[in-house]
Structure formats: structure tokens, C-alpha cells
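**Q** have a look at this prediction, sequence included:
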Protein chains: 4
Amino acid sequence: MGRVIDLADLEAALNASPFHRFLGLRLERAARGEVAVAMAFRDEFLAGPENPYIHGGVIASLIDTAACFAVIAGVGRDVPTLDLRVDYLRPAGRERLQAVGRMIKGGRTVAVADVEVLGADQRAIAVGRGLFSTKE
Amino acid sequence: MGRVIDLADLEAALNASPFHRFLGLRLERAARGEVAVAMAFRDEFLAGPENPYIHGGVIASLIDTAACFAVIAGVGRDVPTLDLRVDYLRPAGRERLQAVGRMIKGGRTVAVADVEVLGADQRAIAVGRGLFSTKE
Amino acid sequence: MGRVIDLADLEAALNASPFHRFLGLRLERAARGEVAVAMAFRDEFLAGPENPYIHGGVIASLIDTAACFAVIAGVGRDVPTLDLRVDYLRPAGRERLQAVGRMIKGGRTVAVADVEVLGADQRAIAVGRGLFSTKE
Amino acid sequence: MGRVIDLADLEAALNASPFHRFLGLRLERAARGEVAVAMAFRDEFLAGPENPYIHGGVIASLIDTAACFAVIAGVGRDVPTLDLRVDYLRPAGRERLQAVGRMIKGGRTVAVADVEVLGADQRAIAVGRGLFSTKE
């Protein structure tokens, strides 16, 4: 069973992860079953010299995290990811991204969360969906 | 249309990406439509202090990259990811991972690639599948 | 390139498919990039004698169709499905279902559509997402 | 908890479903965590008069069923589908299809199964992956 995490502890839990610190994630908003997570641009995110875009893996990481924290904000404890799906809608440049995660199911075995990633212009960069284990 | 990348250029293309360098990816093997990519462990990959496991986003990034390079090794040029799906089978600890990617379809509009991620004990940590745009 | 299908022809296109007729699909609403498709219950949909629920394949079929027609309603011609993902949120009994499909991306290579399936009580039974080829 | 189903009962369990009977499914082979399911062509499967191909929903249904029965053959009881993903590789005509399902993880919360659908020429038509609840 995952560690208990209250809404008030969500920011500390986000910042406690070394990988989240590499990504520079910041909890912008949290409510029951819903979070907004911001990610500032850094050069290490770039896909390549001829691809001045944020690597798809960085965006998948942001989606995994926002989905996971939406579920934590919904069920009140840490949950492992079972599976993750990401659809890339358009490239992201050297820009700050925001991921909005919403839990759409919170059952006793699994939870499902949806994420939309917005670019600096507030248009969608990617969408994602993840399944998380809530079994105690 | 994606930049032409020959099999001989694959390693240079992999290393040219700042994000691949952060991940410490190394091309171990490449053939037509198939690659093996290794990722050494680093502390920044950890999910958290109470979760001494590699973050799911790191594994998704490894899968995206191995799938993408399997397709590059199959169609001979750079391809953007359209969508990505990852199934996490068991946690990965402080260990070196290897991702084996295989192109299973290489069409004129899209290509599909499968990836299996193996842990230090050669057992599967995760599997993934990605769709890539091959439209010229 | 897919056959041209105007909004006015959408219902005829839906009904022209033998499989849609088996499913008993009915176009309830159509606008640019958005459709609502209803499916009346029939006994052949049941998963089993001890599972008096609608088979997951029937729900996947409804989602594929609603997503596809949302894209047709968005780009104006027939499109083949590239991939399909379905999350089952709760079982559906002997009830009429409604699938609401919305195109969230309509590009020159691919389109992406989201679907929500509602039960008789208007609560979500399943959600899905599909990728379609729009290459001419 | 799902009903107990032994390997010897697998064929009866498959045939007990009204939807499987509509699809004309037949269990060709079963071993621990692995099944092969055949589906004979019928006209109701067609996508449309100008699309003399098997509807994607029919193929998704075949994949859902083969994945589910691979898991039943692995864990010994009925399991509900949590999510399903299908990649369509090429169209299927008026032909008999065979789906080979293999359980790749059988845990205490979830199981994962892979499916490959073969056409009459033994080439792959589609691949799929599903997640199933094994929680007792």
C-alpha cells in the first residue's frame, strides 16, 4: 500500500523526487483529484541540435507525474503507474509547459487520470492518460 | 520530411541529443529496423526518497528513444513520435537498463515499433509501443 | 485518400456499414469535429451467462466508430484507424449507450479523437482515444 | 473475484458468450498463459460497401478476447479488462483471422497480455495489448 499523502503534503512529495527536481516541476494548483504542474524549460530537454524541440520523453515524464499526482490528490496516497499513454499533438519549443491532471476514475483496484499539456500560448502540446494501482 | 540518417550515423544521432546525454544512452547494437540502447543508472533518475526506484518517466523516455531509433534504423531518416504507450511490469532499482526496439511496421504514413526494457537480471521491466510519422 | 463525406452524408455513411447495422448505431448529433452516436442494447452484446454485461469488444467498437466519425466530421472524408485505446471505467448492463466523439487534432498526416461512452444514467462507462490517418 | 476457469473449461467459457458466438470464435490452442483463437469471416463484419474490409471494432473485439483468455489461461479465473490498445497494421479482407494471445505479466493486482492477429496469409493484421484486473 502506498504512503499516505495529504493535499497539504503534495508539494513536498513532488519536490522530494530527484527526477522531479531535474525536470524543475512546480505544483501550481491542487484540489481533490486535480493538479496543475508547471515545468520550466532547460537546455537538457532538447531532442537534438537539428530538433530544437523538447524531447518526447520529457513530455511523457511530465504527463506521468501530473497524472500520478492527480490520483494522489484523489485517493490520498502514493500510487504506482501501471500504464501510460501519450499523444503528441504539436512540437514544444524552448517554452514553459503546464500539465493539468484530472482523476477520472478512483476505484479500489485502479485509478485513471487524464492530462493535458499546454504550451506557453495555452494551446495543447500533448494529451495523456495513465492507469495507477490503488490496491491496498 | 525527417533528416536522412544512415545506420552508420545512428550512434552520432543518438549522442547529439542533450536529453539523451542526460539519460546517458549508449547505442549497443543496430541493424535494419532494430536497435539495443543501454542506460546507466544515475541518482537523478530516482522517483523519490521513499521510492528508491527509477521514475516511470525515465523508462518512458528510454522506450520512446529505442522505438524511435528502431524506426530510424528501418526507414533511414528521423521520425517524430505520434503516440507512445508504456506498460510497467515491475520496478527498476539502481540498475543499468537495456531497451531493445524493433520496427514492426514501416509504412508510408506511419511506422510502429515495439520495445522491451530489460533489467540487470535480463528480466523485463517494462514494454512499450510507439507510432511514428514517416510521411515525407 | 479517403472518400469525401460531408456532414449531411454522415448518417448515410454510418448506416452503410454492415457492422454498424449489427451494432444498431444511430447518429444522434453531428457538428464540425464532433458526433454523438447511440447504441441500443441487444442480447448478442452480452459477455456471458454469468457476466450479464456488454462485452468490452462491443464498447471498443462503439468507441472506434464514434472517434472515426468525429474525425470524418472534422476533415470531411473517410479515414482509416491507425490505433485505438480504450479504458473501461465500469461495467455496462442491458442498457442503451451513447458515445460522444470529439476530434482534438486534425493534421495533414494524422487526426486524434477522444470518446466518452455514457450509460443510461449519463455516467461514464468508458473513455477512448484513437489515431486516424488523414494522409491524402 | 472472477469465476474459476480451468484450462479444460476454456473452450466452454469462450463459447458461453453470446458476443463470442456472434463473432464465431473458436479456441484453437490453449496452454498456460497462451491461447490461439480463430475467427471465421462473416458479412456483418464489413466496415462498409466501399470498404470491403473487416471493421476495426471486430478486430479490437478479437484482440480483447484473445488477451483476456490468455490471462484466464494463466491465472485460472475470469478477469475483467481494464484497458485495451490496438494497432492496425494493414486491412483485413474477407478472410479468416487468427489471434494469438500471450500473458506477459500475471500479478496479484493486474495482468498484461499481448496479442498478434494473423491474416489468411499468416502475416500480421494488427497487434494489441490489454491490462486485466486480477485482484481477488
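**A** Ah, there it is. Numbering: from 1, shown residues only, chains lettered A, B, ... in the order given.

**Q** which one is A:K135 nearest to, not counting chain neighbours?
**A** For A:K135, ignoring the flanking residues on the chain, the nearest one in space by Cβ to Cβ, 6 or more residues apart in numbering or on different chains is D:T109 at 4.5 Å. To be clear about C-beta, it is placed using only N, CA and C from the backbone, and glycine gets the same treatment.

**Q** report the contact partners of the one you found.
**A** Counting by Cβ atoms under 8 Å, 6 or more residues apart in numbering or on different chains, D:T109 makes contact with A:82, A:109-110, A:133, A:135, D:133-135.

**Q** equivalent analysis for A:V35, please.
**A** Applying Cβ under 8 Å, 6+ apart, the residues near A:V35 are A:10, A:27, A:29, A:66, A:69-70, A:73, A:100-101.

**Q** what's the farthest-apart pair in the residues you listed?
**A** A:L10 and A:V100 (14.6 Å; Cβ to Cβ).

**Q** for stretch A:56-74, the distance to its chain's centre please.
**A** Distance of stretch A:56-74 from the chain centroid (Cα atoms, centre = their mean, to the nearest Å) equals 2 Å.

**Q** now do stretch A:4-18
**A** The answer for stretch A:4-18 is 13 Å, by Cα atoms, centre = their mean.

**Q** returning to what we had before: quick check, nearest of the contacts of D:T109 to chain B?
**A** A:L82 (6.2 Å; Cβ to the nearest Cβ).

**Q** what's the mean pLDDT across the longest helix along chain A?
**A** The longest helix of chain A (DSSP state H) is helix A:56-75. Across helix A:56-75, pLDDT averages out at 98.

**Q** do a quick rundown of the helices in chain A.
**A** So, for chain A - with DSSP H - the helices run A:10-15, A:18-23, A:56-75.

**Q** who in chain A is up against chain C?
**A** A:85, A:87, A:89-90, A:104-105, A:112, A:114, A:124, A:127, A:129, A:131 (Cβ under 8 Å from any Cβ of the partner chain).

**Q** biggest separation within those, which pair?
**A** For the residues of chain A next to chain C, the farthest-apart pair by Cβ to Cβ is A:R90 and A:K105; their separation is 28.0 Å.

**Q** which one's more surrounded, these two?
**A** Ranked by neighbour count (other Cβ atoms under 10 Å in any protein chain shown), A:R90 and A:K105 place A:K105 first, with 22 against 14.

**Q** need the contact list for the more buried one.
**A** A:111-112, C:87, C:89-90.

**Q** also A:A40?
**A** Per Cβ under 8 Å, 6+ apart, neighbours of A:A40: A:24, A:26, A:96.

**Q** now a ChimeraX select for only the buried ones of these.
**A** ChimeraX command restricting these to the buried ones, with burial defined by 16 or more other Cβ atoms under 10 Å in any protein chain shown:
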select /A:26
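
**Q** JSON lines for the contacts of A:A40, including pLDDT?
**A** Listed next are the contacts of A:A40 as JSON lines, based on pLDDT from 0 to 100:
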{"residue": "A:G24", "pLDDT": "98"}
{"residue": "A:R26", "pLDDT": "97"}
{"residue": "A:R96", "pLDDT": "98"}
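
**Q** and stretch A:51-67, how far out from the chain's middle?
**A** 9 Å.

**Q** okay, how far is it across stretch A:118-126, tip to tip?
**A** 7 Å (Cα to Cα, to the nearest Å).

**Q** briefly note if it comes near chain B.
**A** No: residues of stretch A:118-126 contacting chain B under Cβ under 8 Å from any Cβ: none, with a closest distance of 9.2 Å.

**Q** what residues does chain A put near chain D?
**A** So far as Cβ under 8 Å from any Cβ goes, chain A lies against chain D at A:82-83, A:85, A:108-110, A:131, A:133, A:135.

**Q** min pLDDT across those residues, which one?
**A** Lowest confidence among the residues of chain A next to chain D: A:K135, with 88.

**Q** now the lowest-mean-pLDDT helix or strand in chain A: buried residues?
**A** One helix or strand of chain A scores below all others by mean pLDDT, DSSP states H and E: strand A:51-54, with a mean of 90. Residues of strand A:51-54 classed as buried by neighbour count (16+ other Cβ under 10 Å): A:51, A:53-54.

**Q** strand partners (parallel or antiparallel) of it?
**A** In the sheet, strand A:51-54 lines up against strand A:46-48 (antiparallel) (DSSP bridges).

**Q** what bits of chain A have low per-residue confidence?
**A** For chain A, the stretches with pLDDT under 70 are A:1.

**Q** and A:R123, how many neighbours does it have?
**A** For A:R123, using other Cβ under 10 Å, the count is 9.

**Q** mind listing what it touches?
**A** For A:R123, the contacting residues are A:R90, by Cβ under 8 Å, 6+ apart.

**Q** separation between A:G128 and chain D?
**A** Distance of A:G128 to chain D, computed by Cβ to the nearest Cβ, to the nearest Å: 13 Å.

**Q** nearest spatial neighbour of that residue, skipping sequence neighbours?
**A** A:I63 (3.5 Å).

**Q** which bits of chain A sit near chain B?
**A** So chain A meets chain B at A:3, A:13, A:16-23, A:43-51, A:55-58, A:60-62, A:64-65, A:68, A:78, A:80-88, A:91 (Cβ under 8 Å from any Cβ).

**Q** of those residues, buried ones?
**A** A:13, A:16-20, A:22-23, A:44-48, A:51, A:55-58, A:60-62, A:64-65, A:68, A:78, A:80-88, A:91.

**Q** quick revisit: just send the contacts of A:A40 back as a markdown table, with distance to B:G119 too.
**A** Formatted as a markdown table, the contacts of A:A40 follow (distance: Cβ to Cβ, whole Å):
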| residue | distance to B:G119 |
| --- | --- |
| A:G24 | 28 |
| A:R26 | 32 |
| A:R96 | 35 |
